[in-house]
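Student: sequence plus the predicted model coming up.
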Amino acid sequence: MREKFLKSLMIGVFSLTSCISQENPPEVKTPDQTKFTTETVVDGIDIPWGMDFISENEILVTEKKGTLYRVTNGEKAEVSGLPEIYKRGQGGLLDVALHPDYKNNKIIYFTAGVHIEGDEGGNTALYCGELNGNSLSNIKLLYKGKPNTKKGQHWGSRIVFDDKGHLFFGIGDRGNRDVNPQDLNRDGGKIYRLNLDGSIPEDNPFADQEGALKAVYSYGHRNPQGMTVHPETGEIWENEHGPKGGDEINIIHKGKNYGWPVITYGINYSGTSITDKTSMPGMEQPLYYWLPSIAPSGMAFSSSKVYKKWKGNLFVGSLKFKYLERLVIKRGKVVKREKILNDIGRVRNVKEGPDGYIYLGVEGKGILKLVQQ
Amino acid sequence: MKIFTGILGLFIFFEGIWLYQEKPLEQSIADGEEIYQDFCIQCHLDTGEGVSGVFPPLAKSDYLINNIELSIRGIKYGLSGTITVNGEEYNGVMQEQGLDDIEIADVMNYILNNWGNESKEMVTEEQVASVNE
């Protein structure tokens, strides 16, 4: 009788504390922070949104306010020739990526908020241009989301490449969540796939669907700000901001619906519910969701051997909690989470450099290199 | 009769000034709330509390209430470097939000009159326009 009572009491206490904790497992751990430190690669960049490596010592970095820097051995030089950037809320100059054959053609791609075509407001655009020294020329607009809007939210827009001559980039829901993401005829809330010259691949999932935007590759996204290619499988991995709670990691598959706003693990910032559904047939479940939100930005796998035991791990920046998160993924599940560089600052970007080290874009600072002690 | 005319004249004068003013405070606050939900809520939160050590609070914020012009400047041109709000230090970066002057005035009126904040004076579009970097 007494045993039964004690057992019930324990179960009761356990359930109560589980309800209170509410963090989506695995719980993030904070290991001994003296095991790692950073080296400053370049400072004085307020919001280093995007970066890509020309070589080990030469990096292109975007300052969201509207400057593209060519950083050589830690010295910044401004690159001229950018189109006019529309700075509104979360939008500005965003990602930058070298053409896979940059060595020969000197082409770079970048995404930005722009205000063109006359109507008020702006939207996310993808451009390419030729980089010679510190000047960009031959700028081409490859894609622009429509319509323009004065909303400040959710511009996307990381750029990645597969090994089949395609480029992928995202545009967030542009503050119009109930209209854009689920509608294939509208921009916003989408991941797009283009050929490297900006043309539409013939086998894009909705290329033959009447009325659909042919560039769309997947839909139902809120605001993807991390994207990277898995070094072994070649799959496109993505992370996106959820509302209050419900940030996600997704593997992006052709033609799939990632559910926003019909299904979500988050609620409104005001505390009210968006939907009571966390799943629906025909909509993809995230590989992982964060609760509470960490506000993920940037994403990179460690594919090198420079960090003992971290090879294969996923690294994501947290804007909200100011750390770099290391995730251990086994058989498609997140089994461990750790805070690296706790309190370093708002981590806006994460990339693996050609030297195999992890580089971070940290707001209020610049580009930092993660070093184990 | 003279006095009556005088009073009538004054009444019409002040009536004229009131009609000539920019949008009423109530409207500005309502418009400001929409701006807040779009541009500000992700960091300063629905409660105006911000996130300790990361995003300063606006609710009962001594920095805000005592530094109207600095706050306008921060929204208009961006704010960085160390500030102290309600005894806590913040050293983050808030870039300019790309808001029109009227939008800045509206959102200022919203935050100055919400979460227990009370402001006697209305922030106007002209006031915002006059704030330099």
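Tutor: Alright, I've got the coordinates.
Student: for the stretch 1-150 of chain A, which spans come out with low pLDDT?
Tutor: Counting by pLDDT under 70, the stretch 1-150 of chain A shows low-confidence ranges at A:1-2, A:6-21.
Student: can you pull the residues of it lying near chain B?
Tutor: A:46-47, A:64-65, A:86-89, A:91-92 (Cβ under 8 Å from any Cβ of the partner chain). To be clear about C-beta, it is placed using only N, CA and C from the backbone, and glycine gets the same treatment.
Student: swap the cut-off to 6 Å and go again
Tutor: A:46, A:65, A:87-89 (Cβ under 6 Å from any Cβ of the partner chain).
Student: tabulate the residues you listed (CSV), appending secondary structure and neighbour count.
Tutor: Output for the residues of the stretch 1-150 of chain A next to chain B, formatted as CSV (DSSP: H, G, I helix; E, B strand; the rest coil; neighbours: other Cβ atoms under 10 Å in any protein chain shown):
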residue, secondary structure, neighbour count
A:D46, coil, 20
A:K65, coil, 16
A:K87, coil, 22
A:R88, strand, 23
A:G89, coil, 23
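Student: distance to A:V262 added to those, as TSV?
Tutor: Formatted as TSV, the residues of the stretch 1-150 of chain A next to chain B follow (distance: Cβ to Cβ, whole Å):
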residue	distance to A:V262
A:D46	36
A:K65	35
A:K87	32
A:R88	27
A:G89	25
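Student: of all those residues, which two lie farthest apart?
Tutor: Spatial extent of the residues of the stretch 1-150 of chain A next to chain B (Cβ to Cβ) is set by the pair A:D46 and A:R88 at 16.6 Å.
Student: run a quick neighbour tally on residue 56.
Tutor: Going with chain A. Close neighbours of A:E56, defined as other Cβ atoms under 10 Å in any protein chain shown, add up to 12.
Student: the chain in question should be chain B.
Tutor: B:P56, neighbours per other Cβ under 10 Å, totals 24.
Student: and the nearest residue to it once chain neighbours are set aside, what does it touch?
Tutor: Spatially, and ignoring its direct neighbours in sequence, B:P56 is nearest to B:V85 (4.1 Å; Cβ to Cβ, 6 or more residues apart in numbering or on different chains). Contact analysis of B:V85 by Cβ atoms under 6 Å, 6 or more residues apart in numbering or on different chains lists B:56, B:61, B:63.
Student: same deal with A:L287?
Tutor: A:249, A:251.
Student: so how far is chain B from it?
Tutor: Using Cβ to the nearest Cβ, to the nearest Å, A:L287 is found at 24 Å from chain B.
Student: got the phi and psi for that residue?
Tutor: phi -70, psi -30 (degrees, to the nearest 10).
Student: kindly report the same for B:C40.
Tutor: Here is the backbone geometry of B:C40 (degrees, to the nearest 10): phi -120, psi -30.
Student: got the residues of chain B near chain A?
Tutor: Residues of chain B lying near chain A (Cβ under 6 Å from any Cβ): B:38-39, B:41, B:46, B:93, B:95, B:97-98.
Student: which one of those residues is nearest to A:Y357?
Tutor: Nearest member of the residues of chain B next to chain A to A:Y357, counting by Cβ to Cβ, is B:V93, at 24.8 Å.
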